[in-house]
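Asker: Provided below for reference: sequence and predicted model.
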Amino acid sequence: MDQQLLIICLLTGAINLIGTMAYAARIAGVRTKRIAISFALFNILVLVSRTSNGFLGPLIAKRIENHLSHGGGEGLSRDFRIIIASATIAVLIGIVLIPTSQRLFTRAISHFQRSRSTMKLLAQTLTPTGAHAVAGSFAVPRIANVPHRPQPTGVSWTILVANVIVQALLTVGVLASLYAGFLEPSLRVTASQLSAIINGVATILLFALIDPQLSVMTDDAVEGTISEAEFRRTVVWISLSRLLGTCLAQALFLPAAVCVAWIAGRI
């Protein structure tokens, strides 16, 4: 693995790690009863994750250009699969860190409630006190929150399957479009622009189908209709479906790239 690929994998991992840990903000909101603030923190992390995804495009495109200019490309498909694998590993780490993230978000919500400033909150995390708080928030996942039966808790199979598909599309959206440009170099500009359509459709499905379901569950947990433990297990199920989505992306990558190349040639 060369330095450029390592940077791409680290950036991909960071994006998916942030996106997975963001689920913990909802758990913190239920625990503190500060739903609006927790949603604001959740949206900030999701926005950072989505925006950071845009930085991947130029880096990967440059790698493709280098392969095309040198007449190679035999190992390019392998590189893309390594990038997808880094996303899967990051999501798995994020799931393990959900209890730790929940504690951090609980502290962040409490601090924001006092300071009412996002900048002060960010500055606090860079101080020795903030670093000590981060270290002291580490927690190991509890066995009680790990799904121990095939039937999902608090969420339907339809939503979980939809989330698997959405996360797979979000994972391969940019990658498949750029690789399609490698398959059809004369159409690589058109192919790269199609990533916005793939990610756009996936994002609409995410916020139209999955996010409202999780929001309803959050309200139910705050009202006491369901227990906090049940809500935690729901978040774990959603997180696991995200993990499966990144695994599915491995199978969808090449067919998606071929499909994008075909569409690019017929626009």
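Answerer: Nice, thanks for sending it over.

Asker: mind checking which helix or strand of this structure has the lowest mean pLDDT?
Answerer: Ranking every helix and strand in the chain by mean pLDDT, DSSP states H and E puts helix 128-136 at the bottom, with a mean of 70.

Asker: by contact count, what packs against the next helix or strand after that helix?
Answerer: Downstream of helix 128-136, the next assigned helix or strand under DSSP states H and E is helix 157-183. Applying 3 or more Cβ pairs under 8 Å, 6 or more residues apart in numbering; DSSP states H and E, one finds that helix 157-183 contacts helix 35-69, helix 76-96, helix 188-193, helix 195-205, helix 228-264. Bear in mind the C-beta positions are built from the backbone N, C-alpha and C, glycine included.

Asker: To Arg107, which of those lies closest?
Answerer: helix 35-69 (11.2 Å; Cβ to Cβ).

Asker: what's that closest one packed up against?
Answerer: Judged by 3+ Cβ pairs under 8 Å, 6+ apart, the packing partners of helix 35-69 are helix 3-21, helix 23-32, helix 76-96, helix 98-115, helix 157-183, helix 188-193, helix 195-205, helix 211-223.

Asker: Take those and lay them out in TSV including mean pLDDT and mean neighbour count.
Answerer: Shown next, in TSV, are the helices and strands packed on helix 35-69 (pLDDT from 0 to 100; neighbours: other Cβ atoms under 10 Å):
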stretch	mean pLDDT	mean neighbour count
helix 3-21	89	19
helix 23-32	85	24
helix 76-96	93	20
helix 98-115	81	19
helix 157-183	91	22
helix 188-193	86	18
helix 195-205	85	16
helix 211-223	84	16
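
Asker: Dump those into CSV; add distance to Leu121 as well.
Answerer: Converted to CSV, the helices and strands packed on helix 35-69 look like this (distance: least, Cβ to Cβ, whole Å):
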stretch, distance to Leu121
helix 3-21, 16
helix 23-32, 13
helix 76-96, 21
helix 98-115, 5
helix 157-183, 28
helix 188-193, 37
helix 195-205, 27
helix 211-223, 21
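
Asker: re earlier: and the helices and strands packed on helix 157-183 as a markdown table, adding distance to Met21?
Answerer: Shown next, in a markdown table, are the helices and strands packed on helix 157-183 (distance: least, Cβ to Cβ, whole Å):
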| stretch | distance to Met21 |
| --- | --- |
| helix 35-69 | 7 |
| helix 76-96 | 5 |
| helix 188-193 | 29 |
| helix 195-205 | 19 |
| helix 228-264 | 9 |
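
Asker: so which of the ones you listed gets nearest Ser156?
Answerer: helix 228-264 (10.1 Å).

Asker: Could I get the average pLDDT for that closest one?
Answerer: Average pLDDT, helix 228-264: 91.

Asker: got the buried residues for that helix?
Answerer: By 16 or more other Cβ atoms under 10 Å, the buried positions in helix 228-264 come out as 231-250, 252-254, 256-257, 260-261, 263-264.

Asker: so what does that helix touch, helix or strand wise?
Answerer: helix 3-21, helix 23-32, helix 76-96, helix 98-115, helix 157-183, helix 188-193, helix 211-223.

Asker: The second one to helix 211-223, inter-axis angle?
Answerer: In terms of direction (axes from the mean of the first three to the mean of the last three Cα atoms, to 10 degrees), helix 23-32 departs from helix 211-223 by 20 degrees.

Asker: what residues does helix 23-32 touch?
Answerer: Under the criterion Cβ atoms under 8 Å, 6 or more residues apart in numbering, residues 35, 37-39, 41-42, 45, 98-99, 101-106, 108-110, 214, 218, 221-222, 228, 231-232, 235, 238-239 lie in contact with helix 23-32.

Asker: If we use 7 Å, what do you get?
Answerer: By Cβ atoms under 7 Å, 6 or more residues apart in numbering, the surrounding residues in contact with helix 23-32 are 35, 38-39, 41-42, 45, 98, 101-102, 105-106, 109, 214, 218, 221-222, 228, 231-232, 235, 238-239.

Asker: Many thanks, I have nothing further to ask.
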